[in-house]
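Student: with the input below, show me the fold.
(one chain, ligands or ions: 1)
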Amino acid sequence: MATNQENSFDAVVLGAGFSGLYMLYRLREAGFSTRVYEAGDGVGGVWYWNRYPGARCDIESIYYNYTFSKELYQEWTWTSKYPAQDEILRYLNYVAEKFALRRDIQFNTRITAAHFDEANNRWTLQLDDCTNVTAKYFISGVGCLSAANLPNFKGLNRFKGQWYHTGKWPKEKVDFTGKRVGVIGTGSSGVQAIPVIAKEANHLTVFQRTPQYTIPARNYRYDPEFIKQTKEDFEEVKRLMRESSTGSGLLIRNVSALSDPPEKRQQVYEKAWAEGGFALTSAYYDLFINEEANKTAADFIRSKIKEIVHNPEVAEKLLPDYYFGTKRPILDTDYYETYNRENVTLVDVKKEPIVEITSNGIRTKESEYKLDILVFATGYDGMTGPLFKIDIRGKDGVKLKEKWEEGSKVRTYLGLATEGFPNFFMITGPESPSVLVNMPSAIEQHVEWIADCLQFLREHEVETIEPTLEAEEAWSKHCREVAEMTLYVKTDSWYTGANIAGKPRSFLIYLGGFDNYKHKCNEVAAAGYDGFTLSPIKALH
Ligand code: N01
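Tutor: Numbering: from 1, shown residues only. This next block holds a predicted model:
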């Protein structure tokens, strides 16, 4: 790969979402020449692509933002508890504007390959416009959920109607009026989209593979007084986001579900259900580590489904039987209620598998469903998917995909870096807390750690940094051991890779708590990047 001088940077960052924007800001502030490459034509990352009907964040908006700038926090006002996609996108555009970030972002450009050149210790990045650039540091801000999963259904190319994936939704409004619509998938995206589409469509058929536990969000508009107070409490919001175990204001009660008598527990769950949001998931500390505790919450939600859904046969199809919360918990607005509508049909594709997509709709083992529009809410190839889409090669030309054995042997140090790939960093990479804590908090922590690290390397004239094999083996082992203590690993989900046909099963999220994780990262840095090989390095004073 050849390059010229103009195309050479201190750092190249992949993606202009929450991660890429802040990484660019921090590196530019620190005096590193930085270029961000983004496939979309605007900033926003996951919030740029996920424009599907009903798309909304399920983390409380006052915690779903940056805290690095008090001024920014004071200037921006969220309208409701759970912000809609367009509001989050406006926020990220506001950030890009305020900090003049766009001038260092190249839009409509994908990085297709990234190769480390040992002769000069630089990364060469190949772009999809056939140009190359080089950088000392290559930083992925590609996120955990950016590789859309479109299952390989027979016959999609024959379908005469329109079809969409929730994670690649068009900018133009999709008009469902008078249409027969089919939605495949009932994860967070499907559960949000289904009630909205049902109101507009002539008829909606939902193709469900696994029923889900979902809890009412009970979203509401913020009172201006609350916003005023929150802005005054900025330091406390920041502390919660940066120091707590969840990276947000969500505090997990230090009480076992089994220590409360059944009547008391019922009251706790009823109160949490009425409050909405993740109050139920945080009602007891042992819901995700103890089967019996988990069953109490699962039974409670199953009883609510039976209460809400009028038709007992439909209610039965909607009853989940996996461990509550071990697939991503979902917040909804009128999800179960939607199945009381006359224009909605629920198809259980475990009992009635999809055979093929025809020119007119979907044919299952039992019948044919005529459809005008097909919506794939079928999720993502999570964690490793976005990284494996790029031809990343480290020392000796070894591919990341090969080193990680197609995902069956992912090894990282702190989810930030991996041995054999010098000067390569991953923001919210595999084996970091990422999606199981508040993402903006996880992102700010990683970005700040990486920016501090790069400054350290510059001050000490270090050419390359990479984890030692021992350090990453130990971290990966620890990560797996913590996961094994929970119920998460017992369920088929995108967390375990089970949603993608043929993907090796592994659990790539650190579950030891954001506070503990951050402490560990800080210790590593304070010890002169313990567990990393820095070469060459000047004596530390
Ligand atoms: O994807 P999913 P998602 N045939 O993988 C089904 C974040 N997010 O886009 O469960 C039939 O959860 C699949 O079935 P099964 C959040 O982290 C956040 O909804 O694998 N069905 C499942 O029902 C979330 O967890 C927000 O059996 C098939 C669905 O498709 C993550 O993104 C909003 C199938 C996929 O569900 C992903 O959510 C949206 C097949 N071949 C997303 N393949 C908020 O902040 C898959 N399915 C609110």
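
Student: now do the same end-to-end measure for stretch 167-180.
Tutor: Separation of the first and last residues of stretch 167-180 by Cα to Cα, to the nearest Å is 21 Å.

Student: same check, this time on stretch 325-333
Tutor: End-to-end for stretch 325-333, by Cα to Cα: 18 Å.

Student: now the closest residue to residue 185 other than its chain neighbours: how far from the ligand?
Tutor: Distances taken as Cβ to Cβ, 6 or more residues apart in numbering place residue 377 nearest to residue 185, at 3.5 Å, with adjacent residues excluded. Glycine gets a C-beta too; all of them are placed from N, C-alpha and C. Per Cβ to the nearest ligand atom, to the nearest Å, residue 377 is found 5 Å from the ligand.

Student: give me the number of residues near residue 377?
Tutor: 24 (other Cβ atoms under 10 Å).

Student: hmm, it is touching residue 196, no?
Tutor: No - using Cβ atoms under 8 Å, residue 377 makes no contact with residue 196, being 11.8 Å away.

Student: gap between stretch 150-160 and the chain center?
Tutor: 26 Å (Cα atoms, centre = their mean, to the nearest Å).

Student: also stretch 516-524?
Tutor: Counting by Cα atoms, centre = their mean, stretch 516-524 comes out at 22 Å from the chain centroid.

Student: start the count at 47, not 1, going forward
Tutor: Sure, I'll start numbering at 47, so the last one becomes stretch 562-570.

Student: what's in contact with it?
Tutor: 288-289, 291, 460, 462, 478-479, 491, 495, 556, 576-578 (Cβ atoms under 8 Å, 6 or more residues apart in numbering).

Student: with stretch 329-349 instead?
Tutor: 259, 261, 298-304, 306, 311-312, 314-315, 318-319, 326-327, 365-366, 369-372, 531-534.

Student: list the buried residues in stretch 276-284.
Tutor: 276, 277, 283, 284 (16 or more other Cβ atoms under 10 Å).

Student: list only those of the contacts of stretch 329-349 flagged as buried.
Tutor: By 16+ other Cβ under 10 Å, these give 259, 261, 298, 303, 306, 311, 314-315, 318-319, 326-327, 366, 369-372, 532-534 as buried.

Student: next, the contact list for the nearest residue to residue 225 once chain neighbours are set aside, please.
Tutor: Closest residue in space to residue 225, ignoring its immediate chain neighbours: residue 418 at 4.3 Å, by Cβ to Cβ, 6+ apart. Contact partners of residue 418, counting by Cβ under 8 Å, 6+ apart, are 207, 208, 225, 226, 227.

Student: give the intersection of the neighbour lists for residue 423 and residue 242.
Tutor: The contact lists of residue 423 and residue 242 share no entry, where a contact means Cβ under 8 Å, 6+ apart.

Student: tell me which parts of the protein are close to the ligand?
Tutor: 102-104, 191, 197, 212, 230-236, 238, 255-256, 374, 395, 423-426, 481, 540, 545 (Cβ under 6 Å from any ligand atom).

Student: can you turn the buried subset of those into a selection I can paste into ChimeraX?
Tutor: Command for ChimeraX that selects the buried part of the residues of the chain next to the ligand, burial taken from 16+ other Cβ under 10 Å:
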select :102,103,104,191,212,230,231,232,233,234,235,236,238,255,256,374,395,423,424,425,426,481,540,545
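
Student: residues contacting stretch 191-207, please?
Tutor: If you take Cβ under 8 Å, 6+ apart as the criterion, stretch 191-207 is touched by 61, 91-92, 95, 209, 211, 213-214, 230, 400-407, 417-420, 422, 424-428, 431-432, 434-435, 481, 545-547.

Student: correction: the previous question concerned stretch 136-146.
Tutor: Taking Cβ under 8 Å, 6+ apart as the rule, stretch 136-146 contacts 62-64, 67, 71, 88-91, 93, 111-112, 118, 121-122, 129, 147-148, 151.

Student: buried sites along it?
Tutor: Buried, per 16+ other Cβ under 10 Å, within stretch 136-146: 137, 138, 139, 141, 142, 145.

Student: excluding covalently adjacent residues, which one is nearest to residue 561?
Tutor: Nearest one to residue 561, counting by Cβ to Cβ, 6+ apart, is residue 291 at 5.0 Å.

Student: what's the answer for residue 88, then?
Tutor: Residue 88 sits nearest to residue 94 (Cβ to Cβ, 6+ apart), 5.7 Å away.

Student: residue 523: what secondary structure?
Tutor: helix (DSSP: H, G, I helix; E, B strand; the rest coil).

Student: okay, now it: neighbour count?
Tutor: 11.

Student: please name the residues that touch it.
Tutor: By Cβ under 8 Å, 6+ apart, residue 523 has no neighbours at all.

Student: hmm, residue 83 and residue 150 touching each other?
Tutor: No - counting by Cβ under 8 Å, residue 150 sits too far from residue 83 to count as a contact (10.4 Å).

Student: so these two - more neighbours on which side?
Tutor: residue 83 (22 against 17).

Student: for the more buried one, name its beta-bridge partners.
Tutor: Counting by DSSP bridges, residue 83 is bridged to residue 60, residue 152.

Student: contacts only, for it.
Tutor: Contacts of residue 83 (Cβ under 8 Å, 6+ apart): 58, 59, 60, 61, 151, 152, 155, 156, 157, 171, 173.

Student: list just the nearest of the residues you listed to the ligand.
Tutor: residue 61 (16.0 Å; Cβ to the nearest ligand atom).

Student: tally up the residues packed near the closest one, please.
Tutor: Using other Cβ under 10 Å: residue 61 sits among 29 other residues.

Student: pLDDT score assigned to it?
Tutor: With respect to pLDDT, residue 61 scores 98.

Student: do the same with residue 547
Tutor: 87.

Student: list the contacts for it?
Tutor: 197, 198.

Student: you'd agree it is in a helix?
Tutor: No - Residue 547 is assigned coil when assessed by three-state DSSP, not a helix.

Student: now residue 291: how far from residue 562?
Tutor: Per Cβ to Cβ, to the nearest Å, residue 291 is found 8 Å from residue 562.
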